[in-house]
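Visitor: Mind folding the following:
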Amino acid sequence: MQANDESVVYDELLKLINTNRMAAGERMPSENELAETYQVPRMTVRKAYQQLENRGYVMSVKGKGRFLKEESRPIKLHLSGSESFTDKMIAAGYDLRTEVFQSGEHPHPARADYFSGPAYNISRLRLINDEPIAIHHSFLNMEMFPTIQEDAASISSMFSYYRACGYSNFENGKSLLSIQFPTADEQKRLHCSGVVPLIKLESSTIDGDSGNVLEYTHILYRGDKFTYELDH
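Guide: Numbering: from 1, shown residues only. I've put the predicted structure just below:
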């Protein structure tokens, strides 16, 4: 192997994981095995494994080796559609939990071109099997939800809240998809290192009857925890 040996070993290990050729909890190949297979120094293999550990794919058990973590299996996520994240995860059989860590009125949404006027921000940490995997920042149009300040503490699913407020015909507004790396605060909340990419999705939900924007959403998904499906 040549100059990028560490990257090649890392890529091969990641392919081994993502193609389901190993079961969760199964012992990963040893450093000696991989060093012999790829004809590289053990230190090269160790560095590749350190990357996988930093990104949450494997765990080390002293004296026993490295093992594939249960939660390392990518979660399939459809990035658009008329279903909430909560509904999608529950339908897929995941144990989803939500923690609200910030809420309050904003003079305008983070992206004022989605709607004008005051917005109410609700920021939530999403956890699957008690592992943090996403941060959702929701900015609700207060003109459409006049009782949001009283209701905010009891909201678990935004789409369920829409329906409770009499909105049932939803449409997707424009969406923006980008990649960023986590801030120190986001690393702390998501239990990840600064090298883990975050998929940033900005979008809006529109009331199909009136054409008014109900909500602007800014979501940060851990890029190492999902595979993403898009509409054709």
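
Visitor: hey, where'd the helices end up in this protein?
Guide: Under the criterion DSSP state H, the chain contains helices at 5-18, 31-38, 42-54, 85-91, 148-151, 158-164, 184-190.

Visitor: Out of the ones you listed, flag the one nearest residue 175.
Guide: helix 85-91 (13.9 Å; C-beta to C-beta). (C-beta placed from N, C-alpha, C; glycine too.)

Visitor: buried sites along the closest one?
Guide: For helix 85-91, burial by neighbour count (16 or more other C-beta atoms under 10 Å) applies to 85, 86, 88, 89.

Visitor: Poorly predicted segments of this protein, please.
Guide: 1-3, 70-73, 79-82, 108-112, 230-232 (pLDDT under 70).

Visitor: what domains does the record give for it?
Guide: 5-72, 75-229 (automatic domain parsing).

Visitor: Determine how far the last residue of the longest one lies from the first.
Guide: Distance between the two ends of domain 75-229: 11 Å, counting by C-alpha to C-alpha, to the nearest Å.

Visitor: and it, how far out from the chain's middle?
Guide: Here the centre of domain 75-229 is set off from its chain's centre by 11 Å, with C-alpha atoms, centre = their mean, to the nearest Å.

Visitor: and what of the shortest one?
Guide: Offset of domain 5-72 from its chain centre (C-alpha atoms, centre = their mean): 23 Å.

Visitor: do you know which of the helices of the chain lies nearest residue 104?
Guide: That would be helix 148-151 among the helices of the chain, by C-beta to C-beta, at 8.6 Å.

Visitor: what does that closest one rub up against?
Guide: Applying C-beta atoms under 8 Å, 6 or more residues apart in numbering, the external contacts of helix 148-151 come out as 105, 120, 140, 142, 145, 161.

Visitor: Just among the residues you listed, which is most surrounded?
Guide: residue 140 (29 neighbours; other C-beta atoms under 10 Å).

Visitor: Excluding chain neighbours, give the residue nearest to residue 137 in space.
Guide: Nearest residue to residue 137, sequence neighbours excluded (C-beta to C-beta, 6 or more residues apart in numbering): residue 218, at 4.2 Å.

Visitor: Run a quick neighbour tally on that neighbour.
Guide: 19.

Visitor: Who does it form a beta bridge with?
Guide: In this entry, residue 218 is beta-bridged to residue 137, residue 202, by DSSP bridges.

Visitor: what's the burial count for residue 76?
Guide: Neighbours around residue 76, by other C-beta under 10 Å: 11.

Visitor: Please report how far it lies from residue 135.
Guide: 19 Å (C-beta to C-beta, to the nearest Å).

Visitor: quick one, strands of the protein?
Guide: Ranges of strands in the chain, per DSSP state E, are 58-61, 65-68, 75-78, 96-106, 119-128, 131-141, 170-172, 176-180, 198-207, 213-222, 226-229.

Visitor: Could you give me the buried positions within the fourth one?
Guide: Right, strand 96-106. Within strand 96-106, the residues scored as buried using 16+ other C-beta under 10 Å are 96, 98, 103.

Visitor: so who does residue 61 touch?
Guide: Applying C-beta under 8 Å, 6+ apart, the residues near residue 61 are residue 67.

Visitor: so it bridges to which residues?
Guide: Checking residue 61 by DSSP bridges, which sets the bridge assignment, gives partners residue 65.

Visitor: Residue 131 too?
Guide: residue 128.

Visitor: wait, doesn't it sit right on residue 190?
Guide: No. Using C-beta atoms under 8 Å, residue 131 and residue 190 do not qualify as a contacting pair, with a distance of 9.2 Å.
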